[in-house]
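Chemist: Here is a sequence with its predicted model. Questions after.
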Amino acid sequence: MFTKKKALAPTKKEMEGLYALEDEVSGQNEARKRKLRREKEALRHSKFLSRPHGQEEIQKEDERVKAFERKEEAMRLAYEKERLEAHGIRLAKEAEQRKSEESLKASLSPEQYSKRHEETTRKARRAFKRAQERLLLKKEDADIADRNLVYRDVNDYETIHRKETKEAPKGVFLSCQRISKIYSNRVEAVHDFSLDVNKGDFIVLVGPSGCGKSTTLRMIAGLEDITTGDLYIDGRYANKLEPKERGAAMVFQNYALYPHMSVYDNMAFGLSGFPKEEIKDRIKAAAGMLQITELLDRKPTALSGGQCQRVALGRAVVRKSPIFLLDEPLSNLDAKLRVQMRSELIKLHENLGNTMIYVTHDQTEAMTMATRIVVMKRGLIQQVGTPSEVYRKPANVFVATFIGSPTMNVIEAVYKKGRVRFSDGQSIALPKSEVKSHDDFYAERKALLEKEVKDLREEERKRAEARASKVRFLPLDFHKEISSREEELDSIADIIKTDEHQIFFGIRPENIELGTKDGALKSDIVFTELLGADYHLHLAFNGGEIIAKVPTGDKPIEKGPVRISFKPGRSHLFDFESELRII
């Protein structure tokens, strides 16, 4: 028999999520209105600057601009006050509801209260769902409005930028300069991507799904239009070149072989126009290199996954293209075959000596194959460097936790005068060299931010003058950019003054040792994983869990209390706000 599901009242966590979403939507709309007001004011001011004026008029204009700034600040403070008042009203309403509920419970019998409570709960759940749906729609509208502004700004910038003289950088084979991609639905897949590639490099783009790796590769290949930015290939401006004119051969994830053609015909497909003997020689040489000579007469349906991938590579090899673009070519293969194909790709690169750009989400492939790794997240470059640099000196918390298996342990802690204190009261002392690196980081960061603020103010002035001719350049929200940097400068000033602040402490699993050395920290082994030559120990520490990688010994490691220490010089500190690496 069907029974009606009992309604559950919205939990405290759900209500907090709803209020956070409401604040986010409200903040988005307010920030957009502020940006449009400032753009309008900048245009008005630039028109004033474009005409000659007397000293008195200039003084009045300066006063008017200052008054505008004061008004903007007052409106911002009023908005913040209103938001805090709304939060207070919500808390008061919740307290009143609790009081009313207690009074009702005291005045009714248990049966009456149960019936009344169930009805109230059902109404509250329905109201919560309606409010959630309303806010999600408002959030979607706010996101679309923001994306439309970005799309407008980028297109205006590109209209001006494409008229400028294009000059390829010297000594670089392939250069991406501030490339961005925004689709027609206003989603920005890649933002401000800049990378120089030398001839013969093996570059690997790595990052989680949806970070813009494949989109970047397709823009280089010419399969996607570049929204803004410049692409140079072998000294030529390549933005408007057709894919066949770029000298790039692309290998896709799904092989893209013609099922009705033999392996020989698939490899020869892109060589129309060449003499038959040359085509035969090229295919024979490529087949020998990839060990697929005996497969030339077969159809793709008679091949395994690894063989199909070799054929797809062979089709690229016979074209003798200076650039190979590989879009996750090994993701469809099993683990053993992936390892084999990785080594074959490295050998192929050494034999051909051409430039390869390889896309993967597997950090193991990136570490084993690349001469340089480009780590991406949400369309932005996080770090570019050799595998060793990216592993040993990650630029930020994201890179630290993405590269490496198991990933780096990242723990919240407090830095105070050369010591790192954890929330459980335990602490470790840092070497003098690391304390100096910590101080140098904040001094350099302060100098960099001061320079950026100065440059932004100068750029704001230049663009304001340019708007006098009704030309909109790629507008940054200068007020927002300058304010965020000034806030960070204030934070750094406090850090330098007090020498105490929150940090993220990072340590690789292989740099955690067991034992009773001086300064060893208390921990507990929660459970162990035996992986042949190593143990992965899951340790309870600092109110969370970290992983240690230790070699196996004669005796198995059991659960229970243990002392741990960190190898000197192998720990990392990350800034709590920006998540940038300090040491």
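Modeler: Everything's here; your move. Residues are numbered from 1 along each chain as shown.
Chemist: Check what pLDDT the most far-flung residue of the chain relative to its centre gets.
Modeler: Relative to the centre of the chain, and counting by CA atoms, centre = their mean, the farthest-placed residue is S109 at 57.0 Å. pLDDT, S109: 81.
Chemist: pLDDT below threshold where in this protein?
Modeler: 1-9, 39, 42-43, 45-51, 460-480, 516-519, 554 (pLDDT under 70).
Chemist: For this structure, just list every one of the helices.
Modeler: Secondary structure of the chain by DSSP state H: the helices cover 12-49, 55-107, 110-161, 213-221, 263-268, 276-290, 305-317, 335-352, 363-369, 387-392, 397-402, 432-466, 478-498.
Chemist: give the contact list for the residue positioned nearest the centre of the chain.
Modeler: For the chain, K377 is the residue whose C-alpha lies nearest the centre (CA atoms, centre = their mean; 2.0 Å). Applying CB atoms under 8 Å, 6 or more residues apart in numbering, we find K377 in contact with G207, P208, C211, F398, F402. The C-beta positions use only the backbone N, C-alpha and C, and glycine is treated the same way.
Chemist: State the distance from it to I346.
Modeler: Relative to I346, K377 is positioned 26 Å away (CB to CB, to the nearest Å).
Chemist: Distance of V359 relative to V550?
Modeler: If you go by CB to CB, the gap between V359 and V550 works out to 35 Å.
Chemist: ugh, wrong one, L313
Modeler: For L313, the distance to V550 - CB to CB - is 40 Å.
Chemist: And for S565?
Modeler: Using CB to CB, one obtains 12 Å as the distance from S565 to V550.
Chemist: I'd like the helices of the chain written out as TSV, with mean neighbour count added.
Modeler: Converted to TSV, the helices of the chain look like this (neighbours: other CB atoms under 10 Å):
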stretch	mean neighbour count
helix 12-49	15
helix 55-107	12
helix 110-161	14
helix 213-221	22
helix 263-268	22
helix 276-290	16
helix 305-317	23
helix 335-352	15
helix 363-369	20
helix 387-392	17
helix 397-402	21
helix 432-466	14
helix 478-498	15
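Chemist: out of those helices, which comes closest to P329?
Modeler: For the helices of the chain, proximity to P329 was assessed by CB to CB; helix 305-317 is nearest, at 5.9 Å.
Chemist: Please identify the buried residues of stretch 241-257?
Modeler: R246, G247, A248, A249, M250, V251, Q253, Y255, L257 (16 or more other CB atoms under 10 Å).
Chemist: Then stretch 318-326?
Modeler: For stretch 318-326, by 16+ other CB under 10 Å, it's V318, R319, S321, P322, I323, F324, L325, L326.
Chemist: Same question for stretch 540-558.
Modeler: Result for stretch 540-558 [16+ other CB under 10 Å]: buried residues A540, F541, N542, I546, I547, A548, K549, V550, I557.
Chemist: Pull the most distant pair out of those.
Modeler: N542 and I557 (20.7 Å).
Chemist: circling back to that earlier point, which one of the buried residues of stretch 540-558 is nearest I512?
Modeler: Of the buried residues of stretch 540-558, the one sitting nearest to I512 (CB to CB) turns out to be A548, at 3.8 Å.
Chemist: Who are the contact partners of that closest one?
Modeler: Counting by CB under 8 Å, 6+ apart, A548 touches P509, I512, L514, H536, L537, L539, I564.
Chemist: so of these, which ones are in strands?
Modeler: I512, L514, H536, L537, L539, I564 (DSSP state E).
Chemist: Just the buried residues of those.
Modeler: By 16+ other CB under 10 Å, these give I512, L514, L537, L539, I564 as buried.
Chemist: how close does the last one get to E545?
Modeler: Right, the one you point to is I564. From I564 to E545 the distance is 13 Å (CB to CB).
Chemist: what's the overlap in contacts for those two?
Modeler: L539.
Chemist: Need the contacts of A548 in TSV (columns: distance to G288).
Modeler: Listed next are the contacts of A548 as TSV, based on distance: CB to CB, whole Å:
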residue	distance to G288
P509	43
I512	48
L514	52
H536	43
L537	48
L539	52
I564	54
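Chemist: residues touching V453, list them.
Modeler: Counting by CB under 8 Å, 6+ apart, V453 has contacts I482, R485, E486, L489.
Chemist: I meant to write E365 there.
Modeler: V204, V206, L330, R338, R342, Y358.
Chemist: one more time with 7 Å
Modeler: E365 sits next to V204, L330, R342 when contact means CB atoms under 7 Å, 6 or more residues apart in numbering.
Chemist: Which one of those is nearest to K12?
Modeler: Nearest to K12 among the contacts of E365: V204, at 45.0 Å, using CB to CB.
Chemist: That closest one: how many residues sit nearby?
Modeler: 25 (other CB atoms under 10 Å).
Chemist: Likewise for the one 3 residues further on?
Modeler: G207 is surrounded by 25 other residues when neighbours are defined as other CB under 10 Å.
Chemist: if I look at it, how far off is I220?
Modeler: For G207, the distance to I220 - CB to CB - is 16 Å.
Chemist: what's the answer for D281, then?
Modeler: 29 Å.
Chemist: if I read this right, L271 contacts D281, doesn't it?
Modeler: No. Contact criterion CB atoms under 7 Å: L271 and D281 do not qualify, at 10.8 Å.
Chemist: residues contacting the closest residue to V397 other than its chain neighbours?
Modeler: In space, and not counting its chain neighbours, V397 is closest to E579: 4.2 Å by CB to CB, 6 or more residues apart in numbering. By CB under 7 Å, 6+ apart, the contact list for E579 reads N396, V397, F504.
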